[in-house]
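Asks: Turn this into a structure:
(2 chains)
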Protein chains: 2
Amino acid sequence: MQDDTGPGGLDAFFSPRSIAIVGASGDPNRIGGRPVHYCLKTGFAGPIYPVNPTRDEVQGLKSYPDLDAIPGDIDLAVLAVPSERALATLEACGRRGVRAAAVFSAGFSEVGGEGAAMQDALIETAARHGIRLLGPNCLGYYFASSGACVTFSSSFDEALPAKGGIGLITQSGAYGSHLLSMAMARRLGVAAWVSTGNEADVTVAECLAHMVEDPDVTAIGMYMEGINRPDLLIAALKRAAALRKPVTIMKVGSSEVGAKAAQSHTASLAGSDASVGAVIEQFGAIRAATTDEMFDILYAATVAPPARGDRLGILTISGGAGVLIADAAERENLRVPPMPEASVTKLLERNPFSSPRNPVDVTAHALNDFDLIAENLSEMVQAGDYDLLLAFFTTWVNSKKLGPRLRDALLETTRGVGRPFAVVGLLNDEVSKAYEAEGVLTFEDPSRAVAALGALARYARAFDRAAGLEGTMPEIADKGLPSRSMGEAEAKALLAAAGVPVLPEVVAGTAEEAVTAAEGMGYPVAMKIVSPDILHKTEVGGVALNLGDAQVVGSTAGRMLSEIPAQVPGARIEGVLVTPMAGAGVELIVGTQRDAVLGPMVMVGLGGVLAEVMKDVKLALAPVSVETAEEMLRGLRGAAMLDGVRGAPPVDVRAAAEVVSRLSILAAANADGVESIEINPLLVREDGAVALDALIVPRE
Amino acid sequence: MQDDTGPGGLDAFFSPRSIAIVGASGDPNRIGGRPVHYCLKTGFAGPIYPVNPTRDEVQGLKSYPDLDAIPGDIDLAVLAVPSERALATLEACGRRGVRAAAVFSAGFSEVGGEGAAMQDALIETAARHGIRLLGPNCLGYYFASSGACVTFSSSFDEALPAKGGIGLITQSGAYGSHLLSMAMARRLGVAAWVSTGNEADVTVAECLAHMVEDPDVTAIGMYMEGINRPDLLIAALKRAAALRKPVTIMKVGSSEVGAKAAQSHTASLAGSDASVGAVIEQFGAIRAATTDEMFDILYAATVAPPARGDRLGILTISGGAGVLIADAAERENLRVPPMPEASVTKLLERNPFSSPRNPVDVTAHALNDFDLIAENLSEMVQAGDYDLLLAFFTTWVNSKKLGPRLRDALLETTRGVGRPFAVVGLLNDEVSKAYEAEGVLTFEDPSRAVAALGALARYARAFDRAAGLEGTMPEIADKGLPSRSMGEAEAKALLAAAGVPVLPEVVAGTAEEAVTAAEGMGYPVAMKIVSPDILHKTEVGGVALNLGDAQVVGSTAGRMLSEIPAQVPGARIEGVLVTPMAGAGVELIVGTQRDAVLGPMVMVGLGGVLAEVMKDVKLALAPVSVETAEEMLRGLRGAAMLDGVRGAPPVDVRAAAEVVSRLSILAAANADGVESIEINPLLVREDGAVALDALIVPRE
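Replies: Numbering: from 1, shown residues only, chains lettered A, B, ... in the order given. Have a look, this model is predicted:
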């Protein structure tokens, strides 16, 4: 595996100066014929060298018997050969100074056994010669800018995709091909497409890093089953967020059957699906659940300007549609604030039949007076100052008679204001193209329009947040944890050293010592007899709670220390344990757990059975800042608990977030030695938070 | 409002023998011109009588100056007149014995004030003459079977919808028109379409009842904002479920802004959105969140055969797509069980590169041997015996060369087996039509294919359940509740009379009486001093828990009755209250609440903060059977609590369900006098359930 991962590291693949195609075929429908045919079709500028010992000419190009016979330098070699010939071909590539090899051949790690061994040999050979390797078992790629269409996907058979800003990266060849064909069927503009196959060397993460820096790519969609280089993926996501370039990822394998199927047909470890999903969102990307969702996001992100906020203004000719759209907005976490009163009054004077509140319903009366539409929309843009705009005009949109006039009315006041705007109505390609040329989105289903606008608002929030992603990272005095088993007391002491508040505990041998300890802690305190020989402390009067002053503490300690030895003859009495009463608050469970692929993840949930039964937890890759931790806590479905229910006061979420952050830093610093840390419960009070119990499990 | 709601009640609208169109226009694009034009286009068989005093002829038909001048009987009158002329026209309809009037005119209850008064006059006039009234402020309707295309929607301008089994019912005219146009753009076959407008008389519920009985309609989609006749809606849904006819409903107004907008532009009460949503699902329909979802369901329900179960078999040429599809199946609550081992062995022998487990991945090797596809699919149908089938073949599906051969291979083994089957790949109209002609669904996005199959499985379950909807209805001895305020004790006594278990409570005056009471209850018991003068019972030793035998009960009662009077001189002591210890279990909250539109709804949730903070509750219209109540309990997100977490034993869900059912019967029987009943908590134990506290609130 190479680490030539800086910008330009994959240029020899995606912008090669020359291409040699080993196994080139004269038939443009064969695996070795397609890349030749496609590169001729795109008008690839550099030389193309077909290699085929049985022919002098391939698709009109001079053919060479082997790589050694090629006269010029070779940047990229395409290996369209049977798997058993791949290794020898790669050796030949090394001799010729090839920089990048795209290996179409299948029969490697995906079939296991001998195939995996052959793949190891490929990796070793490539590394020895300094060749970057894509695949094996990959379908290749396409970059519109360079004309490199190095693939045998049949999706390019009929036509090339329209030019545009979308970059697609996929581990699955067949599904990647499907994605490309779907993009073409939807008339989406595609800048680049890559299929990574077995990822023996180049991973989706590096392709992402490449596209993030590529100015021709303005939004990126990824399809993945496992993560081979989480470090590179996270770095690329961070960079995308810093450049405010939208990334949406379909990560499959969330179901039990799906995860099993994924494991059986890829060689890659998947990481826990929940962890991967959390990391995608943590670093500013959006996880898409369906293919349609991914394409709607990519469409919106490449056609419309970026969003600056989440306030949606809705213009409609149908009250019913307005209701539906407002509902959808709530589901997508968009706000639908009302129009200013002055605007309402003004617009009502102009059209008493309208309802210009937001949704702004101009009603079908606008049919006779298109100026109404422009006036209402202008008021929404200027006075309402909405971040996002949506207009519902159903069949007016594609009407031959009304359509162009409607478009003029809609664009008159929105052109140049730089806000995402979706027009919803009946469509045809011509109508959609006319709007899209002005940066306006078109949809038939209003709910999908709202979801796409919602995604743009989510990116705006995520990129703003990512800009301050590091946030406040508390200083931790002692970051070292022993990599061996330890009891509750030791675990608590180690957490305390890392700045996690725990309750003080003092073992007092006399009533006086107990009083001194209690005075130092503040009242009320709890007291427990300490003896290895007494199991049921309550039965012998060995537990006392809520002791409120020195006198009660002294007399209770005196009683326990004098009476209990008499009650249990022969018991060794070590003293009484004094500890402050924990007080009232909300119990959280906070922990870290090493993900096999991603490393230590930090988890927060509400205590009791909520985290367990309701699966109401939030995950993030450790370490997290106090701000991120607070966002995780506020993001719990049951977060209302933190604000106080049934008359309880709100609790100190910031203090809890600080514990979460400290714990995450500790886990990250001890990633090699520690499997998991758990604080359960973390009691969050009106003022402060305290760990009542803790467990640290070393890595096996 | 009429109650001529039996089958055939709306025939005069939807299958009229003759139609008079008042306000008929010679211009086929005007409101009064479109219905004439459309009915001529559909070839409506009966006479069409245009009424227009200024013309002798309208669109080639003889025109009449008024209704009185029409020679024959008039079944249906269409009122395309200004609102101020509607009432006089309706009177004229009465004189002529018109049976049904479709009123396009706007300016009635939707504008409030004078408009509402005019609408009341319309209702009175129609009732007086026995005329059924659709609208006012409606867009009309279309029934393919009769050719009645009585609408001014522009959606019919270019063409009529393809014939097919879909019925669409909509309150919103503009969104209804949009729905129809979307259906046409998707080539969906439409049997009927109705817009109900202000629903002065005919409601969506009656239109649903009509379409449920119409053999030409095989699946129904509804769009609604409010419910005017919940009784009729529920009856129609029940009938649809009994006939196993799928109904899917978009109910809008779930958001705060949406609900407010809905209220401002319709005159109808909405009922609580959660209650309406619960009722939709309770009676076997599916609530669709988006327009695309509704159409996908209608498409599946009209093209594919009904499902018999929820076991999905997946055939694919892409491992990645298989993973994605398995994930989607889990989200849709479909099972993806593995193929039988014998089949796996057999299929692997035939094609060692394949992975025939389910997902069954035949891999791209099938390209060279299409028999493989048929063999694998046949094994899935025969040995796997899956209820639902999905095949992913990406670009092969629409390939000119491969497509027809693939279709033959896929249909060869599935034709006639009568199971829903979705083919996923790149599509064009021709390809889709060829599959649909054989009852096979086609999709480009695999997730949408799974969701559509999932909906068919949901209908199968819902219809089976509805067949036994009444289930076990417990007998309730005393169904009458006083319609006045009552305290906890009285509420508990009334619930006990209705068969809800409550803890027995006895006030004993002596130690002997206390022992007798405890003996009758069984141990352990709790004991409390009863005195109006003692507020803090614990402080005077007036509370004792977990008393385990007669001796302890006797001595504790004796102590309380003798010592406490001495401790609190002058306190009136009424005795000691003896009650069994409630024991361990899971706390539920169970209640009923009158919905303004639907009547008493019954609610279940987990106790503590779960119901409140996590909003984890299930609702249903009261009364519910024990079986339905148990389904509600098992449907809670936190239902795992009932099976016992952290080593707790499973609790008696059936007993809890019986309480829920009894409470719902009680609420339904007292719908007029009682606002709400709450049992909080209902303690569900390993064996039995008991109400620990209860509140009954009379209706104001």
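Asks: Isn't A:Ala219 up against A:Lys245?
Replies: Yes. Between A:Ala219 and A:Lys245 there is a contact at 6.8 Å, judged by C-beta atoms under 8 Å. All C-beta atoms are positioned from the backbone trio N, CA, C, and that covers glycine.
Asks: what about A:Asp643, neighbour count?
Replies: 14 (other C-beta atoms under 10 Å in any protein chain shown).
Asks: quick one, phi psi at it?
Replies: phi -90, psi 0 (degrees, to the nearest 10).
Asks: Name the nearest residue to it, ignoring sequence neighbours.
Replies: Among residues not flanking A:Asp643 along the chain, A:Pro650 sits closest, at 4.9 Å (C-beta to C-beta, 6 or more residues apart in numbering or on different chains).
Asks: can you tell me the helix or strand for that neighbour?
Replies: Per DSSP states H and E, A:Pro650 falls between elements, in no helix or strand.
Asks: okay, how far is it across stretch A:620-639, tip to tip?
Replies: End-to-end distance for stretch A:620-639: 17 Å, by C-alpha to C-alpha, to the nearest Å.
Asks: That one vs chain B: in contact?
Replies: Yes. Stretch A:620-639 is in contact with chain B by C-beta under 8 Å from any C-beta of the partner chain, via A:637-638.
Asks: List the buried residues in that stretch.
Replies: Neighbour-count burial for stretch A:620-639, counted by 16 or more other C-beta atoms under 10 Å in any protein chain shown, picks out A:620-633, A:636-639.
Asks: for stretch A:502-513, how far is the first residue from the last?
Replies: Start and end residues of stretch A:502-513 are separated by 21 Å (C-alpha to C-alpha).
Asks: Strands - which of the buried residues of stretch A:620-639 land there?
Replies: Using DSSP state E, the members of those that fall in strands are A:620-621.
Asks: Look at A:Gly72 and say how many residues are nearby.
Replies: Using other C-beta under 10 Å, A:Gly72 is surrounded by 11 other residues.
Asks: Show me the helices in the stretch 51-200 of chain A, by range?
Replies: Remark: helices assigned in the stretch 51-200 of chain A by DSSP state H, counting those that start in this stretch are A:83-95, A:113-129, A:173-185.
Asks: Next, format the ones you listed as CSV and append distance to chain B, mean neighbour count and mean pLDDT.
Replies: Formatted as CSV, the helices of the stretch 51-200 of chain A follow (distance: least, C-beta to the nearest C-beta, whole Å; neighbours: other C-beta atoms under 10 Å in any protein chain shown; pLDDT from 0 to 100):
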stretch, distance to chain B, mean neighbour count, mean pLDDT
helix A:83-95, 13, 18, 96
helix A:113-129, 11, 17, 95
helix A:173-185, 3, 24, 95
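Asks: Reformat the ones you listed as TSV; add distance to B:Ala496.
Replies: Formatted as TSV, those follow (distance: least, C-beta to C-beta, whole Å):
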stretch	distance to B:Ala496
helix A:83-95	78
helix A:113-129	71
helix A:173-185	62
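Asks: Figure out which of those helices is closest to A:Arg335.
Replies: Proximity to A:Arg335 (C-beta to C-beta) singles out helix A:173-185 among the helices of the stretch 51-200 of chain A, at 31.6 Å.
Asks: For the closest one, C-alpha coordinates in CSV please.
Replies: Written as CSV, here are the backbone C-alpha positions of helix A:173-185 (Å, rounded to 0.1, in the frame of the first residue of the first chain):
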residue,chain,number,x,y,z
GLY,A,173,-18.6,-2.0,-10.0
ALA,A,174,-22.1,-3.2,-11.0
TYR,A,175,-23.9,-0.8,-8.6
GLY,A,176,-21.5,2.0,-9.6
SER,A,177,-22.4,1.4,-13.2
HIS,A,178,-26.1,1.5,-12.2
LEU,A,179,-25.5,4.8,-10.5
LEU,A,180,-23.9,6.3,-13.6
SER,A,181,-26.7,5.1,-15.8
MET,A,182,-29.3,6.5,-13.4
ALA,A,183,-27.4,9.8,-13.4
MET,A,184,-27.5,9.9,-17.2
ALA,A,185,-31.2,9.0,-17.2
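Asks: Which neighbouring elements make contact with it?
Replies: Judged by 3 or more C-beta pairs under 8 Å, 6 or more residues apart in numbering or on different chains; DSSP states H and E, helix A:173-185 is in contact with strand A:162-170, strand A:189-195, strand A:219-224, helix A:291-303, helix B:319-331, strand B:388-394.
Asks: In the sheet, which strands lie alongside the last one, parallel or antiparallel?
Replies: Right, strand B:388-394. Paired strands of strand B:388-394, with direction, are strand B:312-316 (parallel), strand B:421-425 (parallel) (DSSP bridges).
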